[in-house]
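Student: quick one, what's the 3D model for this:
(one chain, ligands or ions: 1)
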Amino acid sequence: MHFNGDVDPQGMRPELILVFGVVSSFDTEVGVSAIVNGRHSEKSLNYTGAAIDLDAGGPQDNLFLSTHLIIRLPEVFDVVNHGTHVHVEYQPKLSDRA
Ligand SMILES: [Zn+2]
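Tutor: Numbering: from 1, shown residues only. Got it, this is the predicted structure:
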């Protein structure tokens, strides 16, 4: 795993560290392309530090990576494969809380 040069972790929610651990167990080298930096859709959780963007190198690798993450991460994380990158956000629902 590596971080692109302009990646800014300031304000990143500490829960996302779990994602880095799971990414490290993926066979293919993965780049972290965005945390709070970069351009995202208007309501993107990237801006609140609750999401990260990952790139395993191409659409096929990103599909495998998103499957790997969905299987291993707890359900409070949403994983969305955008093809060009995999978006992972920490988004606990109220119904997840006992
Ligand atoms: Zn994103």
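Student: residue ranges of the helices in the protein, please?
Tutor: Using DSSP state H, the helices assigned to the chain run over residues 17-24, 59-72.
Student: in this protein, which residue sits nearest the ion?
Tutor: Using Cβ to the ion, the closest approach of the chain to the ion is made by His87 at 3.6 Å. No exception for glycine: its C-beta is placed from N, CA and C like everyone else's.
Student: what parts of the protein come near the ion?
Tutor: Applying Cβ under 5 Å from the ion, we find that the chain lies next to the ion at Asn46, Asp53, His87.
Student: the second one and Ser41 touch, don't they?
Tutor: No: counting by Cβ atoms under 8 Å, Asp53 stays clear of Ser41, with 11.6 Å between them.
Student: quick one: which of these two has more around it?
Tutor: Asp53 (24 against 9; other Cβ atoms under 10 Å).
Student: got the contact list for the more buried one?
Tutor: Neighbour list for Asp53: Val32, Ser33, Ala34, Ile35, Gly38, Asn46, His85, Val86, His87, Val88 [criterion: Cβ atoms under 8 Å, 6 or more residues apart in numbering].
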